[in-house]
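K.L.:
Show me the folded form of this:
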Amino acid sequence: MRWALVKVCLAVTAMVAIAFAVPLGLVIKEMARDRAFSDAERQAATIGPTLTITTDREELTRAVLSTEPGGRGRLAVHVPAAEQGGQRLEIGERRATRQDLETVRKSGRAAIAEVPGGSALLQPTALGSGGIAVVEVFVPENEVSKGVGTAWLVLAGVGIALIVGSVAVADRLGVRMVQPAQRLAGAAQDLGEGRLGTRVPEEGPTELRSAAVAFNSMADQVVQLLANERELAADLSHRLRTPLTVLRLNAASLGEGPAAEQTRAAVEQLEHEVDTIIRTAREQRPQTQGGQPGAGAGCDASEVIRERMGFWSALAEDEGRTVRLAGVDRTVRIPVAGPELAAALDALLGNVFRHTPEGTAFAVDVHHSGDAVIVLVSDAGPGIPDPESALARGASGRNGAGSEVGSTGLGLDIVRRVAESTGGDLRIGRSVLGGTEVRIWIGLDGGPAERARRGHRVGRRNGRRGPRGVRGRNTEFRGAPGAGPHL
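P.N.:
Purely as a prediction, here's the structure:
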């Protein structure tokens, strides 16, 4: 398309340039010829006054030599024999034939004769005696075409410049039209290959801008549909782990017997099926490379944590666990979607209930500073002997922190993704309660975790120190009986 436009513009401009340059060149040539012979007529007229006075050879010779063409040997005077007593008088070099001279003298009209090396202007001039003499002025060929070559070169240069300029303009117009179309085609191919974050700049001609807007809108809808489907499968499946934990704990209290064994086996099978669904959803998670979170994406961490603790505290009350919740008495905005944060918190608290004995206390603390939010989940259980290996297993998807062999290993992986999506990180250590402490560092400026940590220290004394030594407000939180998960 680009080259087709250039070719069309080149052809049109070339035809226009030729249509104007060729006639103009011919006009310039004719004007140069007319100018040369007009000068010759003016030079021939300068000898006329002398001829009207005398036909003496010496006088005429002096008069001829005094003129510019006469001094250069280009002017001649031909006086007929009748005016000189039967003898023809010729002054200067004759180049025209005698027949041409006689024809001009008899007709009394000026004429131009072709002679070797150029042309001769034959101008009839009246003598004082009433006869007619012929003044011959030689005009060389180079005088006739003087300036024509230069003018033609200028015309050719102007024509070429117009053609080059038009081609350049056509090329730029072609690029302006073709590049948006190429970007649109490339983006469509990328989208088809699964790079759902691909978007097209909305620029170019009106039609292509409209196509880009429609493409971006379609891509957004595709991403949203896939995200909704993935979240529905993964989040719902992961949240099923919470009631499964309750069922497993209840099944453990059934004692021995065929019914109890069948119940525990059914719970294990159900947990396995849920794990399979979670893995499948994670593996099929769409990759939105190049995409950016939309403006305003995020949630109030305090609100989400209070909501999830409303469910887990009810289960903790049944098991005799002491729960402490701190730092959620004010709004804390983070660049994480509410369902993502809820899934991460459920994963950590689910591990607490699964891998610590009944009656084990746990706490959730939220600390907020200028450029980061820290969520601490602590318990008073036996702890994790090797936190680094637990994190490695969580990343590999084989086992979670403190998880049993055969679990999905996605709990810590979900938490890790939430933290790293904001430039933060996930750490496991020893809590002040004596067990495990999982720290989620959520960056607020999207930078690396190390930059977010500069100038911030989280104290662990009594579990009540926040960033920069700010003391949190610890409160006892107990959910209402019967509270359940919000799916």
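K.L.:
Secondary structure element for residue 137, which one?
P.N.:
Following DSSP states H and E, the helix or strand that holds residue 137 is strand 132-140.
K.L.:
For the chain, give me the ranges with low pLDDT.
P.N.:
Scanning the chain for pLDDT under 70 picks out the ranges 1-2, 81-87, 230-239, 241-242, 276-297, 392-411, 446-487.
K.L.:
now the strands: where do they sit in it?
P.N.:
75-79, 89-91, 111-115, 118-126, 132-140, 299-300, 323-326, 333-334, 362-368, 372-379, 425-430, 436-443, 474-476 (DSSP state E).
K.L.:
Figure out how far the second one is from the centre of its chain.
P.N.:
For strand 89-91, the distance from its own C-alpha centre to the chain's C-alpha centre is 86 Å (CA atoms, centre = their mean, to the nearest Å).
K.L.:
Tell me which residues of it come out buried.
P.N.:
Neighbour-count burial for strand 89-91, counted by 16 or more other CB atoms under 10 Å, picks out 89, 91. The way it works is simple: take the backbone N, C-alpha and C, and place the C-beta from them, glycine included.
K.L.:
who does it touch, helix- and strand-wise?
P.N.:
Identification of packing neighbours for strand 89-91 by 3 or more CB pairs under 8 Å, 6 or more residues apart in numbering; DSSP states H and E yields helix 57-66, strand 75-79.
K.L.:
what do you get for the fourth one?
P.N.:
Helices and strands touching strand 118-126, as assessed by 3+ CB pairs under 8 Å, 6+ apart, comprise helix 2-45, helix 48-53, helix 98-107, strand 111-115, strand 132-140, helix 141-144.
K.L.:
Sheet-wise, list the partners of that strand with their directions.
P.N.:
strand 111-115 (antiparallel), strand 132-140 (antiparallel) (DSSP bridges).
K.L.:
repeat for the second one
P.N.:
Counting by DSSP bridges, the strands paired with strand 89-91 are strand 75-79 (antiparallel).
K.L.:
still on that earlier bit, of all the strands paired with strand 118-126, which lies closest to residue 3?
P.N.:
strand 132-140 (49.9 Å; CB to CB).
K.L.:
just to revisit the earlier point, so can I have TSV of the helices and strands packed on strand 118-126 showing distance to residue 385?
P.N.:
Converted to TSV, these look like this (distance: least, CB to CB, whole Å):
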stretch	distance to residue 385
helix 2-45	66
helix 48-53	130
helix 98-107	127
strand 111-115	118
strand 132-140	113
helix 141-144	108
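K.L.:
For the helices and strands packed on strand 89-91, state which one has the densest average packing.
P.N.:
The highest average neighbour count among the helices and strands packed on strand 89-91, using mean count of other CB atoms under 10 Å, belongs to strand 75-79 at a mean of 24.
K.L.:
what's the spacing between that strand and its chain's center?
P.N.:
With CA atoms, centre = their mean, you get 81 Å for strand 75-79.
K.L.:
what do you get for stretch 362-379?
P.N.:
Relative to the chain's own centre, stretch 362-379 is displaced by 41 Å; criterion: CA atoms, centre = their mean.
K.L.:
could you dump it to PDB, C-alpha only?
P.N.:
Extracted in PDB, the C-alpha atoms of stretch 362-379 (Å, rounded to 0.1, in the frame of the first residue of the first chain):
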ATOM      1  CA  PHE A 362      -2.500 -16.700  65.800                       C
ATOM      2  CA  ALA A 363      -2.400 -13.000  64.800                       C
ATOM      3  CA  VAL A 364      -2.800 -10.800  61.800                       C
ATOM      4  CA  ASP A 365      -1.000  -7.400  61.900                       C
ATOM      5  CA  VAL A 366      -1.200  -4.700  59.200                       C
ATOM      6  CA  HIS A 367       1.500  -2.000  59.200                       C
ATOM      7  CA  HIS A 368       1.400   0.900  56.800                       C
ATOM      8  CA  SER A 369       4.200   3.400  55.800                       C
ATOM      9  CA  GLY A 370       4.600   5.800  53.100                       C
ATOM     10  CA  ASP A 371       5.600   3.400  50.300                       C
ATOM     11  CA  ALA A 372       4.700  -0.100  51.500                       C
ATOM     12  CA  VAL A 373       2.100  -2.100  53.500                       C
ATOM     13  CA  ILE A 374       3.200  -5.100  55.500                       C
ATOM     14  CA  VAL A 375       0.800  -7.900  56.400                       C
ATOM     15  CA  LEU A 376       2.100 -10.200  59.100                       C
ATOM     16  CA  VAL A 377       0.400 -13.600  59.800                       C
ATOM     17  CA  SER A 378       1.900 -15.200  63.000                       C
ATOM     18  CA  ASP A 379       1.000 -18.300  64.900                       C
END
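K.L.:
How far does the strand holding residue 137 sit from its chain's centre?
P.N.:
Strand 132-140 sits 75 Å away from the centroid of its parent chain (CA atoms, centre = their mean).
K.L.:
what bridges to residue 134?
P.N.:
residue 78, residue 124.
K.L.:
quick one: it and residue 105 touch, right?
P.N.:
Yes. Taking contacts as CB atoms under 8 Å, residue 134 lies within contact range of residue 105: 5.4 Å.
K.L.:
what do those two both touch?
P.N.:
Here residue 134 and residue 105 have 78, 124 as joint contacts, going by CB atoms under 8 Å, 6 or more residues apart in numbering.
K.L.:
And those two? Which one has more around it.
P.N.:
residue 134 (25 against 18; other CB atoms under 10 Å).
K.L.:
what residues are up against the more buried one?
P.N.:
Residue 134 neighbours (CB under 8 Å, 6+ apart): 77, 78, 101, 104, 105, 122, 123, 124, 125.
K.L.:
mind listing what residue 388 touches?
P.N.:
Residue 388 neighbours (CB under 8 Å, 6+ apart): none.
K.L.:
at 10 Å what do you get?
P.N.:
The contact partners of residue 388, taken as CB atoms under 10 Å, 6 or more residues apart in numbering, are residue 428.
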